[in-house]
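Undergrad: quick one, fold the following:
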Amino acid sequence: MAQSVAPADAAIPAITPLSLKAIAPWAVFIGFLALVLLYFVGAEQGATALVSGEGIHEWVHDGRHLLGFPCH
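TA: Next comes the predicted model:
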């Protein structure tokens, strides 16, 4: 049986590591979005509501119970 072998002169692409400066803005942005989502799912009701009415509460109601936040 013949085995295929890559030629010795074939260039193997190097994996360049990402720097912290490249990752930091994305990490801050994703962290901010996670906190906003956590607020709307966990605390957007009652006295702490930023949006009047029950619209936000009804949209995230099932997710709130799934994540263990009480709302009744």
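Undergrad: run through who's touching the helix or strand bottoming out on mean pLDDT in the chain.
TA: Lowest by mean pLDDT, DSSP states H and E among the helices and strands of the chain is helix 55-59, with a mean of 80. Contact with helix 55-59 is made by 40, 44-45, 49, 71, as judged by C-beta atoms under 8 Å, 6 or more residues apart in numbering. Bear in mind the C-beta positions are built from the backbone N, C-alpha and C, glycine included.
Undergrad: could you do stretch 65-72 as well?
TA: 41-42, 45, 57, 61, 64.
Undergrad: just for this protein, where's the confidence low?
TA: 1-2, 4-10, 46-47, 72 (pLDDT under 70).
Undergrad: so which residues of it form helices?
TA: Using DSSP state H, the helices of the chain run over 20-42, 55-59, 61-66.
Undergrad: so which of those helices is nearest Pro13?
TA: helix 20-42 (18.6 Å; C-beta to C-beta).
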